[in-house]
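Chemist: Make a model of this:
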Amino acid sequence: MAEFTIKSVFFGSLFGILFGASTVYLALRAGLTVTASIPIAVIAITLGRKFLNTTILENNIIQTTGSAGESIAAGVAFTLPGFLFLSPGENGVSIGDAYFDYLTILILAAFGGMLGTLMMVPLRRSLIVKEHANLPYPEGTACASVLQAGEKGGMFAQTAFVGMGIAFCYAILQKVFHIIAETPAIATSHLNKYWPAGATRGEITPEYLGVGYIIGPRISGVLVAGSVLAWWALIPLLTSLVDPATIAQQLVKLGYLADLNTAGGPGGWDPQTHSFGSYADAIYRAYIRQIGAGSVAAGGFITLIKTIPTIISSFRESLQSMKERTDGGVSRTERDLSFKIVLIGSAALILIVAFLPSSIIPGDSFLQKLIIGILIVVFGFFFVTVSSRIVGLVGTSNNPISGMTIATLMGTCLIFTSVGWSGKVYEPLALVVGGMICIAAANAGGTSQDLKTGYLIGATPRYQQLALFIGAIVSSIAIGFVVHILDTPTPDMLKQGITHAIGSDKYPAAQATLMATLAKGILSFNLDWQFVIVGVFIAITLELCGIKALAFAIGLYLPLATTLPIFAGGAVKGYVDWRAERRNEKTADDDLSRGSLFATGLIAGGAITGVVVAILSVGVPDFMTSMNLEHTITGALGEGVYFIVGTGFFVAMALMLYRLAVKTE
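Modeler: Residues are numbered from 1 along each chain as shown. Reported below is the predicted structural model:
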């Protein structure tokens, strides 16, 4: 049966680029990702049956190749933008700024992705085959079900394509013509006696609605709860307690404001009146983000600590698997790539990192970069094993990648300081190690799900592993380009002195900012620990209450404008589930239900349109400005009516999602 063919690899690479681009966009904006394997499998079946005449094994190669893009994109977005947020150099620009270029991102993404796949080669038989009864790998099993039930692909894919079409039309109206408001908002005055600077906002985009539906009411509720604490409790409290000049001074310390005599910065500081245009934005940047960073760090560590038994057993299993032959014998379904390739590939990676020029990989000497390469392989082997076993139990979406990256960063920084490598010049080196491990662990989780799918349908592991290598390289080429486009500031940003769109309110890059904060705090000792400690104890409090702190912490770090529409999607999902339970209706598997597939289409359509609009905004800014009807509409109807109309569009889209989710025929 045809399996590893040109058309299967080509279309898999194409889907890897599309879903990789949408994942980068979503991760930078909301700090969240969702698995792309199932949507790719569904689309592959439909295209295969109608146009490509592909076999089930070719469809499996398509989804295997494509899923690498989503995994690598998540790892890239969660770490590499941290280069922009490291300590400033003599010119006042981050010392990592020079490394946030296309070539460095491409190399780190490709190497990290290949490392994740490489380390999974000797682990496949021990984790996927021998632990088949104990490790379900939920997304991998669901993909196998989709591929095996190929005759259902038409209905499934139609629902996903409808979602993409709706999201595309909605996003064009919102991001090109601006007929739909992007962020409806209402806020109280900072002089309000009862609730000063209470701000309520929502980025009413299709991708946020879809994400909320996919993650469900529980996680989306905990996520928005963090933002509620920040924006409806802490910000009003600090507004009434902290003098505006003190807030402005903190913004100066953090680099958001030049000095107290200069206007601008987050919240719009006015040196004449010593006041802000938006106290909520000013306090969010001055204090809340650091509290949120401490909370995310603690949440990641707590999650990692909980998995220590899994880590120990995984490490033991991986050592045992290394002692076994990996040539797979004579059976096609047991043929892996040779273990020699793993050894040669690991050694080659170390040497390539060591010999790359310092303009691409930070490091003043061959020895420094050699140590970086060794740390990458050592930490990579450890956390790839951990990642694979964890996703086998709880799924890719619940993989504590942030916790593993935090542990890697701290371990690397402690090793650096123990040999006298302290100071800000070593921050980029530490981030390279953390970034590649994050990418490797993310890709290892996706690789494990793919290998599980292949095991269930009788695929050839060697071909899947080759497809994953190809997907990693092709996706990395596209991901670096997308990151570069999204980071390009708009003319309005340039007028405000913003040179990088990533790190702004448009693309907060929550996890990447945290990684940079940790590296700076440990190596340069310049962290505002008092705010970080507050976040740490908030996370501990949540854990003591039986609530997973990491989701709450991400909500605490992100603006309410991001988490509120995500919660709206989760509320729709909660009501759909409650309705089905009340009526004793039989519901489809969550991953394969109409609602989930439509929501996936919303995510893909909205995110991909966002990337396209970002490219157009950079390439033809004058044309995009001429298409903007916001000022015309607000001039005719007023800003309040404009916000209400935009919210109405969002509600209509949510109702459409609900109607499709409860549809039984």
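Chemist: Check what pLDDT Ser524 gets.
Modeler: In this model, Ser524 is scored at 68, pLDDT.
Chemist: what do you get for Pro461?
Modeler: 93.
Chemist: Wait, it touches Ser331, no?
Modeler: No - between Pro461 and Ser331 there is no contact under Cβ atoms under 8 Å: 10.3 Å. Every C-beta, even on glycine, is put in place using the N, C-alpha and C of the backbone.
Chemist: Which of the two has more residues huddled nearby?
Modeler: More crowded of Pro461 and Ser331, by other Cβ atoms under 10 Å: Pro461, with 25 against 8.
Chemist: what sits against the more buried one?
Modeler: Arg124, Gly328, Thr333, Glu334, Arg335, Asp336, Leu337, Leu451, Gly454, Tyr455 (Cβ atoms under 8 Å, 6 or more residues apart in numbering).
Chemist: Can you tell me how far it is from Ala654?
Modeler: Distance check for Pro461 against Ala654: by Cβ to Cβ, to the nearest Å, it reads 42 Å.
Chemist: can you confirm Gly434 is in a strand?
Modeler: No - secondary structure of Gly434 (DSSP: H, G, I helix; E, B strand; the rest coil): helix, not part of a strand.
Chemist: rewinding a little: could you identify the least confident member of the contacts of Pro461?
Modeler: Gly328 (43).
Chemist: Kindly state the distance between the middle of the helix or strand Leu147 falls within and the middle of its chain.
Modeler: Assessed by DSSP states H and E, Leu147 sits inside helix 138-148. Offset of helix 138-148 from its chain centre (Cα atoms, centre = their mean, to the nearest Å): 23 Å.
Chemist: re the thing from before, farthest pair within the contacts of Pro461?
Modeler: Leu337 and Tyr455 (15.5 Å; Cβ to Cβ).
Chemist: circling back: which among the contacts of Pro461 count as buried?
Modeler: Neighbour counting with 16 or more other Cβ atoms under 10 Å marks Arg124, Gly328, Glu334, Arg335, Asp336, Leu337, Leu451, Gly454, Tyr455 as buried within the contacts of Pro461.
Chemist: picking that back up, same for the helix holding Leu147, what does it pack against?
Modeler: In this structure, helix 138-148 packs against helix 37-47, helix 56-79, helix 427-457, with contacts taken as 3 or more Cβ pairs under 8 Å, 6 or more residues apart in numbering; DSSP states H and E.
Chemist: Show me which positions of whichever helix or strand comes after that helix end up buried.
Modeler: Going down the chain from helix 138-148, the next helix or strand is helix 153-175, by DSSP H and E. Residues of helix 153-175 classed as buried: 153, 156-157, 159-164, 166-168, 170-172, 174-175 (neighbour count, 16+ other Cβ under 10 Å).
Chemist: again with stretch 415-422
Modeler: Neighbour-count burial for stretch 415-422 [16+ other Cβ under 10 Å]: Phe416, Trp421.
Chemist: same thing with stretch 420-434?
Modeler: So stretch 420-434, judged by 16+ other Cβ under 10 Å, has buried residues Trp421, Lys424, Val425, Tyr426, Glu427, Pro428, Leu429, Ala430, Leu431, Val432, Val433, Gly434.
Chemist: Can you give me the end-to-end span of that stretch?
Modeler: Terminal residues of stretch 420-434 are spaced 19 Å apart (Cα to Cα, to the nearest Å).
Chemist: And for stretch 33-52?
Modeler: 29 Å.
Chemist: that older thread, mind putting the buried ones among the contacts of Pro461 into a markdown table with distance to Gly294?
Modeler: Converted to a markdown table, these look like this (distance: Cβ to Cβ, whole Å):
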| residue | distance to Gly294 |
| --- | --- |
| Arg124 | 38 |
| Gly328 | 47 |
| Glu334 | 48 |
| Arg335 | 48 |
| Asp336 | 43 |
| Leu337 | 42 |
| Leu451 | 37 |
| Gly454 | 41 |
| Tyr455 | 41 |
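Chemist: which secondary structure element contains the nearest residue to Lys506 once chain neighbours are set aside?
Modeler: What sits nearest to Lys506 in space, not counting adjacent residues and going by Cβ to Cβ, 6 or more residues apart in numbering, is Arg29, at 7.4 Å. Using DSSP H and E, the element containing Arg29 is helix 6-30.
Chemist: how far out from the middle of the chain is that helix?
Modeler: Distance of helix 6-30 from its chain centroid, counting by Cα atoms, centre = their mean, is 13 Å.
Chemist: list the buried ones in that helix?
Modeler: 8-9, 11-30.
Chemist: what's the model's confidence in that helix, averaged?
Modeler: For helix 6-30, the per-residue pLDDT averages 89.
Chemist: okay, the angle between it and helix 37-47?
Modeler: Angle, helix 6-30 to helix 37-47, by axes from the mean of the first three to the mean of the last three Cα atoms, to 10 degrees: 140 degrees.
Chemist: Which other helices and strands does helix 6-30 contact?
Modeler: Against helix 6-30 (3+ Cβ pairs under 8 Å, 6+ apart) you get helix 37-47, helix 56-79, helix 206-229, helix 461-487, helix 560-582, helix 594-619.
Chemist: Let me know which of the ones you listed is tucked in deepest.
Modeler: helix 56-79 (a mean of 31; mean count of other Cβ atoms under 10 Å).
Chemist: With distance to Leu518 as extra columns, can I get the helices and strands packed on helix 6-30 in TSV?
Modeler: TSV is the format used below for these (distance: least, Cβ to Cβ, whole Å):
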stretch	distance to Leu518
helix 37-47	30
helix 56-79	11
helix 206-229	19
helix 461-487	21
helix 560-582	22
helix 594-619	28
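Chemist: Check the secondary structure at the residue lying farthest from the centre of the chain for me.
Modeler: Distance from the centre of the chain peaks at Gln272, with 40.8 Å (Cα atoms, centre = their mean). Secondary structure, three-state DSSP: Gln272 is coil.
Chemist: Ala263 versus that one, what's the distance?
Modeler: For Gln272, the distance to Ala263 equals 8 Å [Cβ to Cβ].
Chemist: Double-check Leu28 against Gly503; I have them as touching.
Modeler: No - if you go by Cβ under 8 Å, Leu28 and Gly503 don't touch, sitting 9.3 Å apart.
Chemist: about what we covered before: relative to Ile291, how far out is the residue nearest to Lys506?
Modeler: From Arg29 to Ile291 the distance is 21 Å (Cβ to Cβ).
Chemist: again, but for Gly574
Modeler: Gly574 sits 28 Å away from Ile291, going by Cβ to Cβ.
Chemist: Quick check: nearest residue in space to Thr205, chain neighbours excluded?
Modeler: Spatially, and ignoring its direct neighbours in sequence, Thr205 is nearest to Gly606 (5.5 Å; Cβ to Cβ, 6+ apart).
Chemist: so what's the closest residue to Phe567 other than its chain neighbours up against?
Modeler: Once flanking residues are discounted, Phe567 sits nearest to Val224: 3.9 Å by Cβ to Cβ, 6+ apart. Applying Cβ under 8 Å, 6+ apart to Val224 gives the contacts Gly555, Leu560, Thr563, Leu564, Ile566, Phe567.
Chemist: at 7 Å what do you get?
Modeler: Contacts were defined as Cβ atoms under 7 Å, 6 or more residues apart in numbering; by that measure Val224 touches Gly555, Thr563, Leu564, Ile566, Phe567.
Chemist: and Gly411, how many neighbours?
Modeler: A count of neighbours around Gly411, defined by other Cβ under 10 Å, yields 18.
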